[in-house]
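**Q** Could you look at this predicted model? Sequence included:
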Amino acid sequence: MRLNAMIVCYLVMAITWINLVAFIAIAVWLGGDAVNGDASGGHYYLAAHGHRVEVSHGVWVYSRIHAFSAMISGLLFIVAVFICSRLEKTEHDNAA
């Protein structure tokens, strides 16, 4: 049972890490993200470090969803690391 839990922990850590790296890479490529950008008057902007880039509505929505998924992924990564470390500690204590 612990092996399955460890596999799930490592899988969650890998997927969340990939999502975070993908978000950063895409935000750099696009010139920012929608969370830092804004929408006004039918125009949609991504922003990063004071630089704004106008994009289509679809790109803006994608960026916003991916930004929030990256935030959630960061939290899931922290939880998975904590659970994994507890499982390893418990396993190590039981082996001793």
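**A** On my side now, so go ahead.
**Q** show me where pLDDT drops low in this protein?
**A** Across the chain, the ranges flagged by pLDDT under 70 are 1, 91-92, 95-96.
**Q** tell me what the biggest helix by length in it is packed against?
**A** The helix of greatest length in the chain, counted in residues with DSSP state H as the criterion, is given as helix 57-95. Using 3 or more C-beta pairs under 8 Å, 6 or more residues apart in numbering; DSSP states H and E as the contact criterion, the elements in contact with helix 57-95 are helix 2-30, strand 33-40, strand 43-48. In this view, the C-beta of every residue, glycine as well, is placed from N, C-alpha and C.
**Q** what residue is smack in the middle of the protein?
**A** Ala70 (2.2 Å; C-alpha atoms, centre = their mean).
**Q** Might one say that that residue is in contact with Val21?
**A** No: proximity of Ala70 to Val21 does not meet the contact threshold set by C-beta atoms under 8 Å, at 9.4 Å.
**Q** contacting residues for the nearest residue to Ser63 once chain neighbours are set aside?
**A** Leaving aside its sequence neighbours, Ser63 sits nearest to Ala34 (C-beta to C-beta, 6 or more residues apart in numbering; 3.9 Å). Contacts were defined as C-beta atoms under 8 Å, 6 or more residues apart in numbering; by that measure Ala34 touches 44, 46, 60-61, 63-64, 67.
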